[in-house]
Each structure stands twice: as C-alpha cells, then as structure tokens.
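# below: sequence and its predicted model.
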Amino acid sequence: MDIKLKIWRQKNASTKGRFEDYDLKDVSPEMSFLEMLDYLNKQLIEGGKEPVTFEHDCREGICGTCGLYINGRPHGPLTHTTTCELHMREFKDGETIIVEPWRSKAFPIIKDLAVDRSAFDKIMHAGGFINVDTGSSKEANAIPINKKIADRAFDAAVCIGCGACVAACKNSSAMLFVAAKVSQYAMLPQGKVEAADRVQRMVEKMDELGFGYCSNTYACEFDCPKGISVEFIAQMNREFISAKMCSHKNH
Amino acid sequence: MIKLDSKIPGGPIADKWSNYKNSLRLVNPANKKKLEIIVVGTGLAGASAASALGELGYNVKVFCFQDSPRRAHSVAAQGGINAAKNYKNDGDSIYRLFYDMIKGGDYRAREANVYRAAEVSNEVIDHFTALGVPFARDYGGMLDNRSFGGVQVSRTFYAKGQTGQQCLLGTYSSLNRQIAKGRVKMFPRRDMLDVVVIDGKARGIITRNLVTGEIERHGAHAVVLATGGYGTVFYLSTLALGSNATAAWSAHKKGALFANPSFIQIHPTSIPVLNDYQCKLTLMSESLRNDGRVWVPKEKGDKRHPSQIPEGERDYYLERRYPTFGNLVPRDVASRAAKERCDAGYGVGDTGLSVYLDFKDAIAKQGQKAIQDKYGNLFEMYEKITGTNPYTEPMRIYPAGHYTMGGLWVDYNLMTTIPGLYAIGESNFSDHGANRLGASSLMQCSGDGYFILPYTIGDYMADEIRVPKTDTSHPEFEKAEKGVKDRIERLIAVNGTQTASSFHKRLGKILWDHCGMFRNAQGLQKGLELLNELEEEFWKEIKIPGSKEEMNQELEKAIKVADYFEVGRLMIEDALARNESCGAHFREEYQTEQGEARRDDANYSYVSAWEYQGHGKKPLLHKEPLKFEFVELKERSYK
C-alpha cells in the first residue's frame, strides 16, 4: 500500500516546528506503525536527510515509551492499543496519516515527536510509593487480601505512564494517571496507612506541574491503551476529600 | 595477570550465606553519608539496588538511557517470579529450587551463588507484597502460584501476564521514595559509554546525555552495573530495541572478564517473523505452556487450516519426546525441538517456520473465562500483532533470542575483576549456568539488588571511608572522555551510505545462522569470517546523519552496533572453545543418539572467563573450575 504522511518536525525545544509531507510507497499491511516509520527513516537517511525522531523501546505495549498523536487520537484509531502495537492493516491504501507529538504544556517537545514526560516521575516522587524499608517486610501471606480487591488494585496498577490520558484531555489533565496510583495503594492494606497523606501530596504536585483540571469528558479512559477506568478518578476524589476533612479535624 | 578468585565461602551450602553475611564488615551510618555509589540501569536489579543502598544511607547516583526509570526492560517480563515458599505444599524448598536451577542450567552454574539466589527468593516476595505489588491471589486472599518449565512444583508468583511490569513498578516506587528523600539522584536519558578506573579501582563513568549530546563525567567510590543482557545482538529478539551491551562491554575492555558469552537463551514461544521490516519479536510467556499444547501436523508440508487437522494427525512432539515434563520442558529443549520439526519440513504457516501452541483442550476443560483470567493480556497482544484470535485458532510460535546467561564475570560478592565494579542481574553470569529456567530472572535481579549487593558492597566500602570524593578532573577521566569522543568522531566521519540498523540486521542474521540454536565448528568459523567482513564494511559505510551535539538516535544505534561486532566475535570464540553441548549451547558434534545435549564434565566443567586483548586480537581464556559438592552431576533428562 502507498500512504501520505504529515509529520510534525521540530529541531529542538526552542525552534519553531512545522508539518512535513512524505509519500511512502510499498508499505506492507503487516508492518507495525513504528516499523513503517523505521522504513521511512531508512529512506530519509539513505537519501541524505535527517530521520524523524520518535521514542520507542519495548515495541510490545508495556514500557510506555512510544506515544504518537495519530490522526487526532493518542496512539491512533484502535482502543486499548499502544502506538507500537498498531499495524498498518488498520489504514487504507492512499490514506493521509497525520502524526504529531503529545500536545501538553507539561510535556515540552524535545525533538520532532519526542516529548519530555519527566513531570510524571515528579508526581511519583511526591508520593507514588509505600514507605517500607528493605528487610522490614512481613511474611507475604500474613495479610490476606480479598481477591476482588487485589484484582481491582491490579486493574489500576497496569498504567504504563505513556501520557495518552494527558494528550487526550482538552485540559491536559493528569487525573487518570495520578488516580491509578492513588487508588492502587489506597485499596491495598499495605498502602492504606499513608493513603490520606499520599493523595494530597500527589494532587498538589500534579497541580504545581501545570496539568489542568478534570472536566469529566472521559477522553482519558477512551484513549488509555490499558483501559484504565475513570472510576479511579472518582475514587481519588473521594480519597482526597476525606483526606482534607480528616486533616482539618486533626489540626 | 588476572587471577580468578570466586571467593566462595566454606561450610555447608545452607549456611554459607548467613555465615558469610556475619563476617562482612559494616560501614557506620555517618560514614555512609560520605560515600558515593553509581548504579547504571534501572531494571529490577538496578532500581532495587539503588533504593536499598539509598535506604542504607549511601549517596547514590542512578543512570538509565530511557526517559524514565520505569521503562527499563524488566517491565516486559510476563510470566512470573519464583520463590521457594512452598505455599502449595507440593514438596518445594530452598534446596529444591536450588537443585532445579542447577539442573536447569545443565550443571554450568556456581552452586553457592545459585543456593543464595534461592535462599533470598522468599524475602523478595515478602518485600514486593509490602511494596504493594498486586500479585494474583486465590479466593481466600492468599497468594496464588503457577507452574513453569523445567520443574514439577508450582512456585511461580504472578500478576496476570504482567509480572515484570508489576515488580518493576514496585522497585520504581522504592526508587522514587529514595529520590524524594534526596538519597538517590536520578540521571535519565544517559548512555554509559565508559567506566573510569583509577589506580586499579572503578571510580566513575563517562556518559552521553542523549538530549544535549554532552559527554559527561561522573565520579563515585564504587560503580554497579545493572545493564541487562546482550540478546539484541541477534537484531531480532524479544528484547526492547534499546537494550544493549555497550556499558558492560566498556567494562570488559577496561579489564572486567566476560563469562560464558555463548550461553544465550533462545525462547521457544515467540510470535514468528511476519514481515521483512520487523525489528522485534514479541514473546508469548512460557506460562502459556501450562495450558497450551505444542504440535505440528504429522504429515510433512500439511497446509490445511489447523481446525481441519484431526486429532490423530497431529504430532504433540514435546509430549511424545518428553513424557515426564511434556509441554513444560525447559526453554532450550523446547526451542531445539521446535527447530528440529521445522527444519525437517513439518513447520506451519507461510514460511514453515512456526509450530502451533493450542489452547483448544484447556478452553474445553476450564472454560474461556478461566483462560482469559490467566492469560487475557497475552491473548490480546497476540491478536493485535497477528490479527488472528487465539481463543478460536491455535497460536503460531517460533523460537527467538531472549536472555543471556553469559555476562560479566563476578565473584561471590558480585564484584567483577575490576575492584569496585559490580555487576548484578542479567548483566552478570552467575546464577543460570547454560540455561535459565522461567521466572528465575525476576527472582535473581531483585535478590541481587535488594538482598545481596547491599551486604557485599559494604565490605568493600569499609575500606573507602577515608577516601575523598572522586575528583573527575583526574587524568583517567580526561583519557576516558577523550576515548569516547574520539570514537564518536570516527563513527560520524565515516559518512557512508548505510544505516546502523541495516548493519545490525545483517550481523544478527550471521549470528543467528552460525551461533544460534545449533552450532558446529565449521559453521562457527564461517560465521566469524562473515562477521569480520561485515565489521570492516561497517567502518567504511556507516551513515550517521545529524550532529553529535543533539538528540541523535542514529548515533546511539551506531555506537551499540559497533560494540556488537565485538560481542558477537566473543560469542563465537566461546562457542568454538567449548567442545561439548550443555544447556542452550548445542554443538552438533556433541549429541546423544536421541539428539540431546552431551556434556563433557571431565573437560568442560568450568566457567569460561575471557580477557580482552585489544580490538580484533584473540581474547585470553581463563577457567574457573566448577565444583559440585552438594549436587550430583547427572545427565540432564526431562524424558
């Protein structure tokens, strides 16, 4: 199949970017989307041009490194699919495909399609952990956890930190990302102890880093490659409100 | 002259580690604050080591090439993590886990190290649970287990098919806690390009900042490499594309011996190659062999749809050849058996290079829901990649390069032959012999990082308390930095016509064909010639667009491929020097009448540890004899 590409090119954070057009011939429907970009880059390099910078690593949908805005949707047209899992058989012969980086103030562009998502790490530094020292843990089966609760915690824990939720949101809100971690720990007995403190610190950091507010459009859930539910946002809001009320009572 | 001393403590196997721990010197908390440790890599090994060292009070600097430590390739491990909890009351014990690993590794691993890995496995599970890792549980709320290849007990803890992700995010959380406390400083988006050795001790590293291109110097009192394996040497492998050998190789060039480089695990159940532009093979977890049955048609070249092939015309060749272990034979055995069937003309799919992994019987017996609960994400992944639904037709699978048992040689302290330079996790060679059993990689990485290195490194640091902070203006830093810069200049100056990936692909093919699942002396020699020719072409034809002072992914790739030529050469040298078959190293000249590996314990019961002698020069072989005091050497049989 032959395709037309419109790809965002930007030399670095301080240079203005623009779309560039590319005609790509003989694309195989079996190629993954990123293999198609590899194929384009090979031609660009051999033609003496600069290849398109895009980030990727595991290429099996688990590391969260890749993330492209394809035809107006984070990770492209399929639900529950990362960019690296998307295949060219989802596109039509002759189709024009628009490829952009994540668009969010909190994720500045580094080069072409690569963005800086270190804001996510900073939110985690603020509270995305359980305070337990190596060596101080009890026998693992000492605290039984109801299977439903453990499974629910797992559903929240599958976040890959790709940033699609932020890219999908008109407000660039990171609520789904933060809620997934807050909820995972709040549900487990090991994480409950510090739940109130954790949610406040993480939310505060999220606000400080320039992510927007949630206005309940559910775009984040729709475009999350791991299908993380917005119910966790509701859970985080509950945690947050009760934490605020309790901390008020305590002081 | 390097002399190998494995420093294995004496005494009964079950007491070695506890007695040894009690003999190690300690560093008092006030002194720890003055000491700096560099950790390279943030997978399960690196992140656990960094956080444990931070908790102890050291100043830790951590490096990774990814944009975030959470992306290290441990994240992609699927099936599980082993521990000797014996929760199933099925006869498991630390000794049994140790024994299974020694046997699984075909008697080419060090007893004491393996026993210790088994010994700390239970603490690892306790710690992950305390960190909030949501392992699978049964209806009573207790942790669940499943079975893995090469063993007859259920000792594998899991979180659906995402165990690696959940464990890695656990270590990432403990790392974040130390970053928040200021005990650990994180340096993402850095490639480590050299280790700096001053007066015989590792004192720092040289990195390239992948955003600015700046070449940086970082000093410390000790350096820990947790940089993973070199499986991407084959180009097509189950590994993340960024995984590479460059950091470990730079240590090797500075004097760290490299052990058993030819011991590379080819994983039996990967999704086969589907197109010529493919640069990655996706693994389907070994856990699937708990419920999936492997088969090919009994008739050569049978092109019928699998559903049209009746039961009697299917050859469940693993069950046929290995009735005791059946579909759960270890990886090396399963891989060779698949290749044997395909080479003999029984393979399926367009290329004939795949076999079926069929869940029909399991679904009929347990229902689709039960299978979905166990492997849901793997089935989804399979469908996304191949476009076919594994609930209704069997998966097609084929072996792919996966894990490297070989790596930097380390002693019992996990220290390389360069004092102050440690190697943990997959980057060392120590625990898996000639073949790794499933789910023992996550176990080893986290054991090394959380529960072993923090003790052994203390003994070394006890001598460092009076040593001031490393001065990065030292001439050795100068020299190392210049070496790195010159090499980058040389690569860019070639200005040829071909991409790094195209060379990598060709190199991978040479190694896959000549130093892959089946090897022989003639083929290895041929491979060596082809590799040398290709390397020469690389240094004449490599094309790196853009400049070195910016984000430049082509430069990053070229540096790694340049090293892979040397890694590949050492793999071949090692495979040639080992005139026996053991585990994943199968020399066609040395096999039994039934086509199984034939070990030669009289002559090859040793670790081969290679010393670098300069580019293109024949490396020097050192031998660490393996003593088996607690396990009887036997023919490894799964029949």
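Cool, the structure landed.

# you'd agree B:L507 is up against B:E533?
No: judged on C-beta atoms under 8 Å, B:L507 makes no contact with B:E533 at a distance of 10.9 Å. Quick note: C-beta positions are derived from backbone N, CA and C, even for glycine.

# verify the stated contact: A:K170 with A:T217.
Yes: counting by C-beta under 8 Å, A:K170 does reach A:T217; the two are 6.7 Å apart.

# for stretch A:15-30, list the C-alpha coordinates in PDB.
The C-alpha coordinates for stretch A:15-30 follow below in PDB (Å, rounded to 0.1, in the frame of the first residue of the first chain):
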ATOM      1  CA  THR A  15      12.900  26.200  17.500                       C
ATOM      2  CA  LYS A  16       9.500  26.500  15.800                       C
ATOM      3  CA  GLY A  17       8.100  23.300  14.300                       C
ATOM      4  CA  ARG A  18       6.100  22.600  11.200                       C
ATOM      5  CA  PHE A  19       4.400  19.700   9.400                       C
ATOM      6  CA  GLU A  20       6.300  18.000   6.600                       C
ATOM      7  CA  ASP A  21       4.800  15.800   3.900                       C
ATOM      8  CA  TYR A  22       6.100  12.500   2.900                       C
ATOM      9  CA  ASP A  23       4.900  10.000   0.300                       C
ATOM     10  CA  LEU A  24       5.700   6.500   1.300                       C
ATOM     11  CA  LYS A  25       5.300   3.700  -1.200                       C
ATOM     12  CA  ASP A  26       5.200  -0.100  -0.800                       C
ATOM     13  CA  VAL A  27       4.100  -0.200   2.800                       C
ATOM     14  CA  SER A  28       3.200  -3.700   4.000                       C
ATOM     15  CA  PRO A  29      -0.100  -4.000   5.900                       C
ATOM     16  CA  GLU A  30       1.800  -6.400   8.200                       C
END
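
# buried residues in it?
Neighbour-count burial for stretch A:15-30 flags A:17, A:22, A:24, A:27-28, A:30 (criterion: 16 or more other C-beta atoms under 10 Å in any protein chain shown).

# among those, which are in strands?
Mapping those onto strands (DSSP state E) picks out A:22, A:24.

# circling back: quick one: which of B:L507 and B:E533 has more around it?
Neighbours were counted for B:L507 and for B:E533 using other C-beta atoms under 10 Å in any protein chain shown; B:L507 has more, 23 against 11.

# confirm the more buried one sits in a helix?
Yes: applying DSSP: H, G, I helix; E, B strand; the rest coil, one finds B:L507 inside a helix.

# measure it to B:F538 for me?
Using C-beta to C-beta, to the nearest Å, we find B:L507 at a distance of 8 Å from B:F538.

# A:K170 and A:T217: who's more crowded?
Using other C-beta under 10 Å, the more surrounded residue of A:K170 and A:T217 is A:T217, with 14 against 9.

# so what's the residue of the stretch 51-200 of chain B found nearest chain A up against?
Here the residue of the stretch 51-200 of chain B nearest chain A is B:G141; by C-beta to the nearest C-beta that distance is 3.1 Å. Residues near B:G141 by C-beta atoms under 8 Å, 6 or more residues apart in numbering or on different chains: A:144-147, A:150.

# so among the buried residues of stretch A:15-30, where is pLDDT lowest?
The lowest pLDDT within the buried residues of stretch A:15-30 belongs to A:E30, with 91.

# contacting residues around that one?
By C-beta under 8 Å, 6+ apart, the contact list for A:E30 reads A:87-89, B:274-275.

# any idea whether the nearest residue to the residue of the stretch 51-200 of chain B closest to chain A once chain neighbours are set aside is helix, strand or coil?
Distance criterion C-beta to C-beta, 6 or more residues apart in numbering or on different chains; nearest residue to B:G141, sequence neighbours excluded, is A:P144 at 3.1 Å. What three-state DSSP gives for A:P144 is coil.

# test my guess that A:P144 contacts B:G140.
Yes: using C-beta under 8 Å, A:P144 makes contact with B:G140 at a distance of 6.4 Å.

# compare those two (neighbour count), which wins?
A count of neighbours by other C-beta under 10 Å puts A:P144 above the other of A:P144 and B:G140, at 14 against 10.

# pLDDT score assigned to residue 153?
Let's take chain A. So, for A:A153, pLDDT stands at 98.

# that's the wrong chain, I meant chain B
95.

# quick one: contacts for it?
Residues near B:V153 by C-beta under 8 Å, 6+ apart: B:86, B:88, B:90-92, B:96, B:147.

# can you do 10 Å?
The neighbours of B:V153, taking C-beta atoms under 10 Å, 6 or more residues apart in numbering or on different chains as the test, are B:82, B:84, B:86, B:88-93, B:96-97, B:100, B:145, B:147.

# equivalent analysis for A:T83, please.
A:32-34, A:37, A:54-56, A:59, A:61, A:65-70, A:74-76, A:99, A:113, A:162, A:164, A:225.

# near chain B, from the residues you listed?
When contact is defined as C-beta under 10 Å from any C-beta of the partner chain, these meet chain B at A:32, A:34, A:54-56, A:59, A:61, A:65, A:162.
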